[in-house]
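Colleague: just coords:
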């Protein structure tokens, strides 16, 4: 009887974990655009704020090199749904290599601002949410 109860509890816990994972995956947003002249693709889940990573991005000419993104700030700017967002970029080896600091238009699907690389050089970035994946 104890084995059946334990099995049932474990099955329910595994199912709950699966539901949480599915919900997290459902919140992934795809953005495409540019940092300066460089085309990029970004996948983020802004609902994963407390996680050690909310997503990644890659340069379109190097899709196998993915940079991990950690959200460090997200603050409402106005009642229209604009948010100030700061994302820290990390290389595949874990080195901090850049920062996205910009404004996200929650209703319009855009994210734009300044990207600063590890050498302090600043680039304008402009990304637009994609719904084709």
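Modeller: On my side now, so go ahead. Given the structure is predicted, the values throughout are model-derived calculations rather than measurements.
Colleague: do you know how far the residue nearest to residue 44 when sequence neighbours are not counted is from residue 77?
Modeller: Once flanking residues are discounted, residue 44 sits nearest to residue 55: 3.6 Å by C-beta to C-beta, 6 or more residues apart in numbering. Every C-beta, even on glycine, is put in place using the N, C-alpha and C of the backbone. Distance, residue 55 to residue 77, by C-beta to C-beta, to the nearest Å: 21 Å.
Colleague: ok, the two, which is more surrounded?
Modeller: Relative neighbour count places residue 55 above the other of residue 55 and residue 77, with 22 against 13, counting by other C-beta atoms under 10 Å.
Colleague: beta partners of that one?
Modeller: The partner list for residue 55 in beta bridges (DSSP bridges) reads residue 44, residue 69.
Colleague: so it makes contact with residue 41?
Modeller: No - if you go by C-beta atoms under 8 Å, residue 55 and residue 41 don't touch, sitting 10.7 Å apart.
Colleague: give me every residue that touches the residue nearest to residue 44.
Modeller: Residues near residue 55 by C-beta atoms under 8 Å, 6 or more residues apart in numbering: 28, 42-45, 48, 68-69.
Colleague: again, only this time at 10 Å
Modeller: 28-31, 42-46, 48, 66-71, 87 (C-beta atoms under 10 Å, 6 or more residues apart in numbering).
Colleague: what about the helix or strand containing residue 40, average pLDDT?
Modeller: Following DSSP states H and E, one finds residue 40 within strand 38-44. Here strand 38-44 scores 96 as its mean pLDDT.
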